[in-house]
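[1] Build me a structure from this.
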Amino acid sequence: MRQDATQAFTQKLLNARLQGKQAMQVLAEDHLPLVAASVRRFPWHYKEKEELYQQGCIGLMKALARYDPGYGVAFSTFATALILGEMKMLCRLDTPIHIPRSDRELRNRIRQTTDKLALSLGREPTVQELASVLRTDPSELTLAMESISIASGNTTSGQALIELLPDQDRWIDRMLLRDMISRLSPPDQKLLLLRFRLGKTQVETARVLGMSQVQVSRRESLVKEQLRKAWMCDE
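    Okay, the predicted model is just below:
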């Protein structure tokens, strides 16, 4: 049935290409929900929603012009990739992301404390040492440091989670990933922090969260799938 649908769409697309611009615009209107879905999943607070939508429409038109069933993917998959690509390009051309004042102040406190400890210890302080001086939980401090780094585009961490997302544009992907993770429940966020940021094993994570290793494994799989679905607009 899917193959029949692909063949029917391909024929419709070929006819529209032969008929010209107006026919292509009509076909594009049928697929505008792909643009709307991409806008919803994109952290558009970094850019005006309408601007993202307009840029996404450009991506949709490019997809209609370039799509070939020989690519081996559905048009919706191909189009979504180009739509998001256009949105990402718009963000890259934009001014740097604004970092809230509270985050800037926290970043400055972390930097100052790090420098002081490095001088007294003769090495870079550990997260535990920083947390002790700042009087905060190590896990919370790590999460704060990660959030600030992602917002300023200066992080190389979180790679294991990034690899869940099928795209090579890492800077924008981190922004998207941070937005998706922020929508998870606090327990799921902590699970990801322990597993992928702090590098804890499932057994160690289970001990911290008061769960069994099997429960952690199952929950981790569910959260990964949830992120994949969010990325692919399947929610």
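[2] quick one: average pLDDT of stretch 87-98?
    Taken as a whole, stretch 87-98 has a mean pLDDT of 60.
[3] correction: stretch 66-73
    For stretch 66-73, the per-residue pLDDT averages 78.
[4] swap in stretch 112-127?
    75.
[5] Could you do stretch 219-235 as well?
    Averaging pLDDT along stretch 219-235 gives 72.
[6] Low-confidence regions, the protein specifically.
    By pLDDT under 70, the low-scoring segments of the chain are 1-4, 42-47, 91-104, 107, 119, 122-124, 139-179, 229-235.
[7] can you dump the C-alpha coordinates of the longest helix belonging to it into PDB?
    In the chain, taking DSSP state H as the definition, the longest helix is helix 101-121. In PDB, the C-alpha atoms belonging to helix 101-121 read as follows (Å, rounded to 0.1, in the frame of the first residue of the first chain):
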ATOM      1  CA  ARG A 101      21.000  37.100  32.600                       C
ATOM      2  CA  SER A 102      20.600  34.500  35.300                       C
ATOM      3  CA  ASP A 103      22.500  32.000  33.200                       C
ATOM      4  CA  ARG A 104      25.300  34.600  32.500                       C
ATOM      5  CA  GLU A 105      25.600  35.200  36.200                       C
ATOM      6  CA  LEU A 106      25.800  31.500  37.000                       C
ATOM      7  CA  ARG A 107      28.400  31.100  34.200                       C
ATOM      8  CA  ASN A 108      30.500  33.800  35.700                       C
ATOM      9  CA  ARG A 109      30.300  32.300  39.200                       C
ATOM     10  CA  ILE A 110      31.300  28.900  37.800                       C
ATOM     11  CA  ARG A 111      34.200  30.400  35.900                       C
ATOM     12  CA  GLN A 112      35.500  32.500  38.800                       C
ATOM     13  CA  THR A 113      35.200  29.500  41.200                       C
ATOM     14  CA  THR A 114      36.900  27.300  38.700                       C
ATOM     15  CA  ASP A 115      39.800  29.700  38.300                       C
ATOM     16  CA  LYS A 116      40.300  30.100  42.000                       C
ATOM     17  CA  LEU A 117      40.200  26.400  42.700                       C
ATOM     18  CA  ALA A 118      42.600  25.700  39.800                       C
ATOM     19  CA  LEU A 119      45.100  28.100  41.300                       C
ATOM     20  CA  SER A 120      44.900  26.600  44.700                       C
ATOM     21  CA  LEU A 121      44.800  23.000  43.600                       C
END
